[in-house]
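Asks: Got a predicted structure plus its sequence, pasted below:
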Amino acid sequence: MHITNLISQYFGKFAKKEFPSFFQSIINSIYVKSFHLDMSEFRNPRYYKSLNDLFTRELAIQREIDSDDDLVISPTDSLITECGALKKDTLLQIKGMEYNVEELLTYHVKKDNLEKVIDGTFMNFYLSPKDYHRYHAPCDFKVTKLIHVPGKLYPVNLKYLNKEIDLFCQNERVILECFDKNKKLFYMVFVGALNVGQMVFEFESAVETNVDAKEIKVYEYEDLNIKKGECLGYFKMGSTVVMIWEKDSIKIKNLTNQKILFGSVISKK
């Protein structure tokens, strides 16, 4: 087990511990102030029974979602660190740091599906410690496969994106293979990160991240349909989502270095 996984496991034990309410309220308050959390859409910090409970908080005030089938929304509150077109089978971790799409998606993706995303489109969503940590469906889609890839848990902040080669390919990740209503393929890649490093998927309880796993696990689905805006799960700390779309299936906005919210329109089919 890599040192980043051990650190994350120990921090995770602290984060999920429920301290006496008075002490927990102080911990939560310090966290909110230190990271400048905007709690206007959430419950009072005193409500959360652990730091992890605060990390994974649900929206108390629901956001309006545009129901237009041609509009794709952001799955998360995040900073767009990179977006654009793949150069054949290559995409950007951040400007100047390229990596291979097959290494990210693994050899458990069928060759014909991999070929569909060659020269396709991608967008990277970075969630900082102050962000809302839940991830949602960007459109109506069908999940056909989930791939859980064990790995390291390097930080995914801008500092590490600029210095650690193939960071997204080294870190633990969960890959969803999806098809939209027009049967166009896209992938959502949820990348683990330092501290806790766990990812939860509400439709698949068998997925356990940041455990002593060594082998890739693949789950396949016959009839798993997700509605736009539906909660898919959550990170138990900040992390990154990478979205990759089939070639010529979508026109994304140029949002690099912009902060966006779950529900913001990011592209049009």
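Replies: Everything's here; your move. Here the structure is a predicted model, which is why all the values come from computation and not from measurement.
Asks: Could you report the neighbour count for residue 74?
Replies: 23 (other Cβ atoms under 10 Å). Using the backbone N, CA and C atoms, a C-beta is placed for each residue, glycine as well.
Asks: Looks like it contacts residue 264 (just checking).
Replies: Yes. Applying Cβ atoms under 8 Å, one finds residue 74 in contact with residue 264, separated by 4.6 Å.
Asks: who's in contact with residue 117?
Replies: Taking Cβ atoms under 8 Å, 6 or more residues apart in numbering, we find residue 117 in contact with 86, 101, 185, 187, 244, 245, 246, 247.
Asks: give me that answer again for 6 Å
Replies: By Cβ atoms under 6 Å, 6 or more residues apart in numbering, residue 117 lies in contact with 244, 246.
Asks: Can you tell me how far it is from residue 102?
Replies: 10 Å (Cβ to Cβ, to the nearest Å).
Asks: How about residue 154?
Replies: Computed with Cβ to Cβ, the distance linking residue 154 and residue 102 is 21 Å.
Asks: okay, those two: which has more neighbours?
Replies: Neighbour totals were compared for residue 154 and residue 102, and residue 154 leads with 22 against 15 (other Cβ under 10 Å).
Asks: Please give the element, helix or strand, for that one.
Replies: Under the criterion DSSP states H and E, no helix or strand holds residue 154.
Asks: measure it to residue 229 for me?
Replies: Taking Cβ to Cβ, one finds residue 154 at 31 Å from residue 229.
Asks: Same question for residue 109.
Replies: Residue 109 is 26 Å from residue 229, where distance means Cβ to Cβ.
Asks: next one: residue 40
Replies: For residue 40 relative to residue 229 (Cβ to Cβ), the value is 20 Å.
Asks: Ok, residue 101 next?
Replies: Taken as Cβ to Cβ, the span from residue 101 to residue 229 is 27 Å.
Asks: Please apply the same query to residue 206.
Replies: In terms of Cβ to Cβ, residue 206 sits 25 Å off from residue 229.
Asks: So the two - more neighbours on which side?
Replies: Taking neighbours as other Cβ under 10 Å, residue 206 and residue 229 compare with residue 229 leading, 20 against 9.
Asks: residues touching the more buried one, list them.
Replies: 65, 136.
Asks: and with 8 Å instead?
Replies: By Cβ under 8 Å, 6+ apart, the neighbours of residue 229 are 65, 73, 136, 137, 263.
Asks: Residue 175 against residue 143, yeah?
Replies: No. At 10.7 Å, residue 175 does not count as touching residue 143 under the criterion of Cβ under 8 Å.
Asks: Where do the helices of the protein begin and end?
Replies: Secondary structure of the chain (DSSP state H): helices at 3-16, 21-35, 51-55, 101-105, 111-116, 158-163, 167-170.
Asks: lowest-confidence stretch among the ones you listed?
Replies: Lowest mean pLDDT within those: helix 3-16, a mean of 66.
Asks: And the closest residue to residue 125 other than its chain neighbours, how far from residue 252?
Replies: What sits nearest to residue 125 in space, not counting adjacent residues and going by Cβ to Cβ, 6 or more residues apart in numbering, is residue 78, at 3.8 Å. To residue 252, residue 78 is 14 Å away according to Cβ to Cβ.
Asks: out of these two, which sits in the busier spot?
Replies: Higher neighbour count among residue 78 and residue 252: residue 78, with 27 against 18, using other Cβ under 10 Å.
Asks: thought that one was touching residue 242?
Replies: No. Here residue 78 does not reach residue 242: they are 11.1 Å apart, not a contact under Cβ under 8 Å.
Asks: which residues do the two both contact?
Replies: Both residue 78 and residue 242 are contacted by residue 125, under the criterion Cβ under 8 Å, 6+ apart.
Asks: Identify the residues contacting the residue nearest in space to the middle of the chain.
Replies: Geometric centre of the chain, nearest residue: residue 241, 3.2 Å, by Cα atoms, centre = their mean. When contacts are counted by Cβ under 8 Å, 6+ apart, residue 241 touches 75, 76, 78, 124, 125, 127, 135, 188, 189, 190, 191.
Asks: count of neighbours near the residue lying closest to it once chain neighbours are set aside?
Replies: Leaving out its chain neighbours, the residue that sits closest to residue 241 by Cβ to Cβ, 6+ apart is residue 125, at 4.4 Å. Per other Cβ under 10 Å, the neighbour tally for residue 125 reads 28.
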